[in-house]
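Novice: Provided below are the primary sequence and the corresponding predicted coordinates.
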Amino acid sequence: KKSKLNFIIKKIKGFSSEFSFEDFNTFGNNFKLSNINLDFSIINFLNNQIDLHINSIAFNNDLGFSLKQFSTKLSLSQDAFILNELEIEYGESNLLGDLYFDLSRIDIFNLVDINLYDSVYVDFKFKNSNIFPSDFHSFYKKINKNHSNSFTFNSNIKGYGNELFTENTTLSNKNNLIEFDSKLSNLFSNEKDHVLDFNFKKIKTSSEEINSLVPEIFGTIIPSSIKKLGKFQFDGLVKINSYEVESEFNLNLENGIINASLNVSNLSNIDNAIYKGNIEGINIDISKFINFNLIGNCDFEFEINGRGFTSDYLDSTVTGKINKITFNNITLNELDVFGQVKDQVFDGKLTLNDPDLNLDFDGLVNFSNDLIDFDFNSSIRYANLYNLGFNDIGELNGDVIVKLRGSNIDDLIGDLFLKKVTYKNIEKRIEFQDLYAQLRKNDGNRIVNISSEDIVSGILIGEYDLKNLKSSILNNFGSQYSNYR
């Protein structure tokens, strides 16, 4: 049925106007718009449809933000609300796009009890927009209002309010890129939990850039241990609701790659969040995540179950394999791991099958302080001393009980007990049932007290290189014993 009311208006303009809203029923809803400037043209109201050109709307707001420019070609009918050639200038940001609202499922003249979020279909297209995040500090206080970088923004958004799909969304500038698709469910529902389902095609940025943009994000939304991550690239699937994050992703660092499948919960304190899943690393410097500088880059495959993303909170069961690891500048291969990491202490079992070192480990390593505590038993099936960094071309096997402390191999102090040990090189072979060694330091001097009934006993005092200690002991005392041959 055609409307009896039809009219055409060529132009409407307004200058320096003012609009105030006061809600006498609810506190805090009042606002005021001042210095309002309007410019409308080609206003048609024909056959129950309104069409007009909004050439400009601009105003100041007493809440702290101002609209510089709003322009579009507007069309409103019973079935659709359309904003074509939309341009919004807010602060230094410029948003360009076309917006379509499908109203066919609602009666725009009778909106009582209508759930608009489930009834109105939208199709938004944004292209070549320029966004300055600092412009939105008024809406989200965690954004750094002094952040100077801008991003080019493109996105297609379609769906209903409680089931929105974003396609080909990109935020980019010279040094950063975020590209993703997503499904956003129940954003406006009071009954169902929200679900944010992201397919990140590529994120290329740095922890420094993130910290500059949102300084409070680390330790609240993102684990604080990632703050020193540096430049990285990320791709993968991430699903978020109010209590859990499910993820499957690849993370390329400046030096190293991490592939992971993790479920993370207890999100109220992200540094102490609970997690379970699998993680694979290639050329990863683990010392960045734990206070254990003797360990360097490694390749690993772990199944993890625990909590804590920082060394202070870390409490996790780790099962898996380290294919390659650097320890005290020596590269070792084929290490099986089963243990618990808690309070910066590893307590568990290791099996090493490296060509130069084959052993079983059972005990703990405490790396909570600068001085590392070693308290473990080890059965050494084979050790090539020279390839392990010692100034010795011999080979060793036997059982070892270790209670040592130190920051590196040259300043270790404590007790060392060797049992059923065989040492051999091209010149000699030595076997002994037990040897007890005390390593101490007093007034700057290293003291080694060695006791063994069938090989050597004595005390060495002075500065020495622990890696050359065997030569000093055997050359000074070994020839006095029958097992030294």
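Specialist: Good, I have the coordinates.
Novice: So which bits of the helix or strand hosting residue 152 are buried?
Specialist: In the assignment (DSSP states H and E), residue 152 maps to strand 151-160. Judged by neighbour count (16 or more other C-beta atoms under 10 Å), strand 151-160 contains these buried residues: 151, 153-160. C-beta coordinates here come from the backbone N, C-alpha and C atoms, glycine included.
Novice: out of those, what pair is the most spread apart?
Specialist: Using C-beta to C-beta, these span at most 27.3 Å, a distance reached by 151 and 160.
Novice: and the gap between the residue lying closest to residue 298 once chain neighbours are set aside and residue 95?
Specialist: Distance criterion C-beta to C-beta, 6 or more residues apart in numbering; nearest residue to residue 298, sequence neighbours excluded, is residue 325 at 3.7 Å. Distance of residue 325 to residue 95, computed by C-beta to C-beta, to the nearest Å: 50 Å.
Novice: Neighbour count: the two, which is higher?
Specialist: residue 325 (22 against 15; other C-beta atoms under 10 Å).
Novice: Now do the SS call for that one.
Specialist: strand (DSSP: H, G, I helix; E, B strand; the rest coil).
Novice: what sits against the spatially most central residue of the chain?
Specialist: Against the mean C-alpha coordinate of the chain, by C-alpha atoms, centre = their mean, the closest residue is residue 226 at 5.0 Å. Residue 226 sits next to 207, 218, 309 when contact means C-beta atoms under 8 Å, 6 or more residues apart in numbering.
Novice: Most neighbours among those residues, which one is it?
Specialist: residue 309 (22 neighbours).
Novice: if I read this right, it contacts residue 271, doesn't it?
Specialist: Yes: counting by C-beta atoms under 8 Å, residue 309 touches residue 271, with 5.5 Å between them.
Novice: Find the residues that touch each one of the two.
Specialist: Joint contacts of residue 309 and residue 271 (C-beta under 8 Å, 6+ apart) are 223-225.
Novice: Lowest-confidence member of these, which is it?
Specialist: pLDDT across the shared contacts of residue 309 and residue 271 is lowest for residue 225, at 84.
Novice: wait, that residue sits on residue 310?
Specialist: Yes: the pair residue 225 / residue 310 is scored as a contact, 4.9 Å apart, by C-beta under 8 Å.
Novice: of these two, who's got more company?
Specialist: The neighbour comparison of residue 225 against residue 310 (other C-beta under 10 Å) goes to residue 225, with 20 against 16.
Novice: Does the more buried one belong to a helix, a strand or coil?
Specialist: Residue 225 ends up helix, using three-state DSSP.
Novice: got it, and the one 10 residues further on?
Specialist: Secondary structure assignment for residue 235 (three-state DSSP): strand.
Novice: ok, it touching residue 203?
Specialist: Yes: applying C-beta under 8 Å as the test, residue 235 and residue 203 come out as touching, 7.1 Å apart.
Novice: Doesn't residue 193 lie inside a helix?
Specialist: No: secondary structure of residue 193 (three-state DSSP): coil, not part of a helix.
Novice: That one is in contact with residue 162, isn't it?
Specialist: No: assessed by C-beta under 8 Å, residue 193 is found out of contact with residue 162, at 11.5 Å.
Novice: Identify the contacts common to the two.
Specialist: Joint contacts of residue 193 and residue 162 (C-beta under 8 Å, 6+ apart) are residue 186.
Novice: ok, the two, which is more surrounded?
Specialist: residue 162 (16 against 11).
Novice: Next one: that one relative to residue 102, how far apart?
Specialist: Counting by C-beta to C-beta, the gap from residue 162 to residue 102 is 15 Å.
Novice: cool, residue 155 as well?
Specialist: Counting by C-beta to C-beta, the gap from residue 155 to residue 102 is 19 Å.
Novice: ditto for residue 174
Specialist: 38 Å.
Novice: just residue 196 next, same as before
Specialist: Distance from residue 196 to residue 102, by C-beta to C-beta: 23 Å.
Novice: How about residue 410?
Specialist: From residue 410 across to residue 102, the span is 74 Å (C-beta to C-beta).
Novice: go on, residue 86?
Specialist: 17 Å.
Novice: With residue 240 instead?
Specialist: For residue 240 relative to residue 102 (C-beta to C-beta), the value is 28 Å.
Novice: and what of residue 417?
Specialist: As judged by C-beta to C-beta, residue 417 and residue 102 stand 79 Å apart.
Novice: okay, the two: which has more neighbours?
Specialist: For residue 417 versus residue 102, neighbours defined as other C-beta under 10 Å are more numerous around residue 102 (17 against 14).
Novice: Which residue is the nearest non-sequential neighbour of the more buried one?
Specialist: residue 121 (3.9 Å).
Novice: Return the residues in contact with that neighbour.
Specialist: Contacts of residue 121 (C-beta under 8 Å, 6+ apart): 101-102, 105, 158-160.
Novice: could those be laid out in a markdown table, adding distance to residue 54 and pLDDT?
Specialist: Listed next are these as a markdown table, based on distance: C-beta to C-beta, whole Å; pLDDT from 0 to 100:
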| residue | distance to residue 54 | pLDDT |
| --- | --- | --- |
| 101 | 16 | 95 |
| 102 | 21 | 94 |
| 105 | 26 | 87 |
| 158 | 23 | 97 |
| 159 | 26 | 96 |
| 160 | 26 | 93 |
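Novice: closest to residue 340 among the residues you listed?
Specialist: Nearest member of the contacts of residue 121 to residue 340, counting by C-beta to C-beta, is residue 159, at 45.6 Å.
Novice: nearest spatial neighbour of that closest one, skipping sequence neighbours?
Specialist: residue 165 (4.7 Å).
Novice: now do residue 129
Specialist: Closest to residue 129 by C-beta to C-beta, 6+ apart is residue 153, at 4.2 Å.
Novice: gap between that neighbour and residue 308?
Specialist: Taking C-beta to C-beta, one finds residue 153 at 36 Å from residue 308.
Novice: and stretch 133-140, which residues are buried?
Specialist: Those would be 133-137, for stretch 133-140 by 16+ other C-beta under 10 Å.
Novice: do stretch 245-255 as well
Specialist: 245-247, 249, 251-253.
Novice: Now the two most distant members of those residues.
Specialist: 246 and 253 (22.4 Å).
Novice: Need phi/psi at residue 228.
Specialist: phi -100, psi 20 (degrees, to the nearest 10).
Novice: wait, I meant residue 118
Specialist: Per degrees, to the nearest 10, the backbone of residue 118 is at phi -100, psi 0.
Novice: need the contact list for it.
Specialist: Contacts of residue 118 (C-beta under 8 Å, 6+ apart): 160-162.
Novice: Relative to residue 432, which of the residues you listed is nearest.
Specialist: residue 162 (76.1 Å).
Novice: doesn't residue 120 make contact with that closest one?
Specialist: No: between residue 162 and residue 120 there is no contact under C-beta under 8 Å: 10.6 Å.
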